[in-house]
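Student: My questions are about this predicted structure, shown below with the sequence.
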Amino acid sequence: ETGVTQTPRHLVMGMTNKKSLKCEQHLGHNAMYWYKQSAKKPLELMFVYNFKEQTENNSVPSRFSPECPNSSHLFLHLHTLQPEDSALYLCASSQASDAVYEQYFGPGTRLTVT
Amino acid sequence: GQNIDQPTEMTATEGAIVQINCTYQTSGFNGLFWYQQHAGEAPTFLSYNVLDGLEEKGRFSSFLSRSKGYSYLLLKELQMKDSASYLCAVSDTGRRALTFGSGTRLQVQP
């Protein structure tokens, strides 16, 4: 596979469930991101990882827990979510350096919390 | 902090030209991106501007004025497949992540 992949593409979970979203990039990048996209709202940054280290947490509630075991993989562990957490969750990657590089996005996971 | 404004919706005719504006306020500007996002799909990179002026890429061009905090995306010879949301995003110095505007939903009509 090429580019950025995400699984699952769709997820329905109850408020008491625990689930994980997975992202994998095949671009040789060292920076990875989680974004949340809700209807009619801007893409909201959640977390940034550089060389497996978390460098930014945009005041995300603790019911979202990221994990970056290596530069190619990024997870988002979900537990005790609320209905308002229903959204499209997008993963992205980019080169990691002092310069600015475009981010490549995965297709997203459409999450519905019931 | 950052503030990014762009129109919510625009409509244009196939074959025509459309300009999508974006204004921004940022404490430390480090570049501006335009992305295209079709419904239900991932955003895809269109252009990047860090210096003032016009960058042309085929039917798409992007303009930046740093002193005015202003950019636009120009789409020429519109095609039906150009119907999508167009996202303006700003890179801030000291941060790797981008801050996105709400997006402009463009509808191309026959």
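Tutor: Received the coordinates, thanks. Numbers count the residues shown, from 1 in each chain, chains lettered A, B, ... in the order given.
Student: Stretch A:13-32 - what's its average pLDDT?
Tutor: What stretch A:13-32 shows for mean pLDDT is 94.
Student: oh, I was asking about stretch B:68-78
Tutor: Computed over stretch B:68-78, the average pLDDT equals 97.
Student: now stretch B:37-52
Tutor: Per-residue scores along stretch B:37-52 average to 93.
Student: Report the distance from stretch B:14-32 to the chain centre.
Tutor: Counting by Cα atoms, centre = their mean, to the nearest Å, stretch B:14-32 is centred 5 Å from the centre of its parent chain.
Student: Give the buried residues for that stretch.
Tutor: Using 16 or more other Cβ atoms under 10 Å in any protein chain shown as the test for burial, stretch B:14-32 gives B:18, B:20, B:22, B:23, B:24, B:26, B:29, B:30, B:31, B:32. (Glycine included, C-beta is placed from N, CA and C.)
Student: Endpoint to endpoint, that stretch covers what distance?
Tutor: 27 Å (Cα to Cα, to the nearest Å).
Student: and residue B:81, which of the three is it?
Tutor: helix (DSSP: H, G, I helix; E, B strand; the rest coil).
Student: Near it, how many residues? Count them for me, please.
Tutor: A count of nearby residues for residue B:81, using other Cβ atoms under 10 Å in any protein chain shown, gives 8.
Student: OK, contacts around it?
Tutor: With contacts taken as Cβ atoms under 8 Å, 6 or more residues apart in numbering or on different chains, residue B:81 has no neighbouring residues.
Student: From residue A:30, how far out is it?
Tutor: If you measure residue B:81 against residue A:30 using Cβ to Cβ, to the nearest Å, the figure is 33 Å.
Student: So residue B:51 is in contact with residue B:64, correct?
Tutor: Yes: between residue B:51 and residue B:64 there is a contact at 7.1 Å, judged by Cβ atoms under 8 Å.
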